[in-house]
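Engineer: Below are the sequence and a predicted model; questions follow.
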Amino acid sequence: MTDKFEDIRTFITVVQAKGFAGAGERLGVAKSAISRRVSDLEDRLGTRLLHRTTREVSLTESGADFYDRGIKLLADLEEAEDFASKGRNSPIGKLRVTAPVSFGISCMAPVLGELSARYPRLSVQMEFLDRHTDLVREGFDVAVRISRMKDSSLIARKLAPIRHAVCGSPDYFRKHGQPKVPADLEHHKALQYSYADPRQAWQFIGSDPVLVPSDFSCNNGDVLREMAAAGCGLAFLPTFIIHRAVEEGRLETCLTEYSRETIGLYAVYPSTRNLSAKVRVFIDLMVERFGDKPFWDRAIFKDGK
C-alpha cells in the first residue's frame with residue numbers, strides 16, 4: 001500500500017513540477033527513477049497518464065482524472081496522519097506556501113524563520129510567485145494573497161490590511177512641491193504600476209479619479225519604489241513596499257489624509273480540505289506577526305490609522 005501511495009505522490013509531483021527532472025529535484029530522487037516509477041504505475045493501471053515530449057509532459061484524459069483523484073486521496077491521507085499523530089499541537093510534514101514576490105521578500109523572512117524555530121518537524125517549501133496559482137493542481141497547501149477575495153472556491157482568512165500611499169524623494173518634492181489635494185497630481189509625473197486598471201487614474205475615496213501624466217510603467221513595485229527614491233516621479237504603492245525607504249529618509253509620503261480603498265492580505269486554502277495543523281499554525285503566526293496595525297504602516301500613518 002505504501003508503494004502505491006508513493007507512486008501516486010511521484011506522479012503528482014511530476015505534473016506539478018512540469019517534468020521528471022523538476023520532480024526529481026523536489027523529491028531528491030534521480031530523474032531516471034522518477035520516470036521508471038511513473039512508467040510502472042502506467043503499466044499497472046493499463047493506461048497512459050502522460051504525454052511525453054523532449055521538452056515537457058502533459059496529462060492525458062485518463063491522467064487528468066487520475067491526478068484529480070490522487071490529489072484528494074493524498075489530502076485525505078495527510079489529514080488522517082495529522083489527526084492520528086496529534087499534529088494539531090505539533091505539526092509535521094511538508095508545508096507548501098506561495099506568496100507575491102514583493103511582499104514575500106519585504107516581509108516574510110522573519111515569519112518563515114520563526115515558523116521553522118517553533119515547529120522543527122515542519123518542512124517549509126516557499127515559492128514567491130506573482131502569477132495566479134491553482135492551489136490544488138499545483139500542490140500548494142496555502143497561499144498568501146493581496147486582493148479583495150472574490151473566489152468562492154477558496155477559504156480566506158484576513159491577515160492584515162494593505163494600504164497605499166503616494167511617495168516621492170525629498171529632492172523631487174523640493175523641485176516640484178508637494179501636492180496638497182489629489183487634483184494637484186495632474187501637475188506631477190507618475191511612475192505607474194503596469195497591472196493597475198485603469199493604469200493612469202489614481203483613485204482616492206471621496207474624490208474623482210485623477211489622471212496623472214506618466215511616461216514610465218513597470219510591473220514590479222520594488223522597481224517603482226527605487227525609481228521614486230531616485231527622483232524620477234511619484235509612485236502610489238502599498239506601504240509594505242515603501243516603509244523602509246520612508247524610515248531611511250529616501251522617500252517621503254504625501255496625501256496620506258486622502259485614503260485609497262484598503263484591500264486585504266489574506267491566507268487562502270482550498271475549500272475541499274479541512275484546515276490542517278500545519279496550515280493553521282502558519283496562519284496563526286502570520287496574524288500574530290502582522291495583525292490590524294502591521295509594522296509597515298507605522299512609518300507612514302503616524303496616528304496608527
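Structural biologist: Arrived safely, thanks for sending. This is a predicted model, so every value here is computed, not measured. Residues are numbered from 1 along each chain as shown.
Engineer: Where do the strands of the stretch 1-150 of the chain begin and end?
Structural biologist: For the stretch 1-150 of the chain, the strands defined by DSSP state E, counting those that start in this stretch cover 50-52, 57-59, 93-99, 122-128, 142-147.
Engineer: show me where pLDDT drops low in the stretch 51-200 of the chain?
Structural biologist: Under the criterion pLDDT under 70, the flagged ranges of the stretch 51-200 of the chain are 79, 81-89, 149-153, 196-200.
Engineer: sorry, back to before: got JSON lines for the strands of the stretch 1-150 of the chain, with distance to residue 266 too?
Structural biologist: Heads up, the C-betas are built off the backbone N, CA and C, glycines and all. As requested, the strands of the stretch 1-150 of the chain are exported to JSON lines (distance: least, Cβ to Cβ, whole Å):
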{"stretch": "strand 50-52", "distance to residue 266": "34"}
{"stretch": "strand 57-59", "distance to residue 266": "30"}
{"stretch": "strand 93-99", "distance to residue 266": "11"}
{"stretch": "strand 122-128", "distance to residue 266": "16"}
{"stretch": "strand 142-147", "distance to residue 266": "5"}
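Engineer: Could you export these as TSV, including mean neighbour count?
Structural biologist: Below are the strands of the stretch 1-150 of the chain laid out as TSV (neighbours: other Cβ atoms under 10 Å):
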stretch	mean neighbour count
strand 50-52	16
strand 57-59	17
strand 93-99	20
strand 122-128	15
strand 142-147	21
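Engineer: which residue sits farthest out from the middle of the protein?
Structural biologist: Most distant from the centre of the chain: residue 46, at 38.9 Å, with distances by Cα atoms, centre = their mean.
Engineer: quick one, strands of the stretch 151-300 of the chain?
Structural biologist: 154-162, 164-168, 190-193, 201-202, 210-211, 214-218, 234-238, 252-254, 263-270.
Engineer: Parallel or antiparallel, list what pairs with the last one.
Structural biologist: This points to strand 263-270. When pairing is defined by DSSP bridges, strand 263-270 lines up against strand 142-147 (antiparallel), strand 154-162 (antiparallel).
Engineer: any chance of those in JSON lines, plus distance to residue 100?
Structural biologist: Formatted as JSON lines, these follow (distance: least, Cβ to Cβ, whole Å):
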{"stretch": "strand 142-147", "distance to residue 100": "6"}
{"stretch": "strand 154-162", "distance to residue 100": "10"}
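Engineer: Relative to residue 179, which of these is closest?
Structural biologist: strand 154-162 (22.3 Å; Cβ to Cβ).
Engineer: so what's residue 234 bridging to?
Structural biologist: Beta-bridge partners, per DSSP bridges, of residue 234: residue 190.
Engineer: Name all residues that make contact with residue 91.
Structural biologist: Counting by Cβ atoms under 8 Å, 6 or more residues apart in numbering, residue 91 touches 82, 119, 121-122, 276-278, 280-281.
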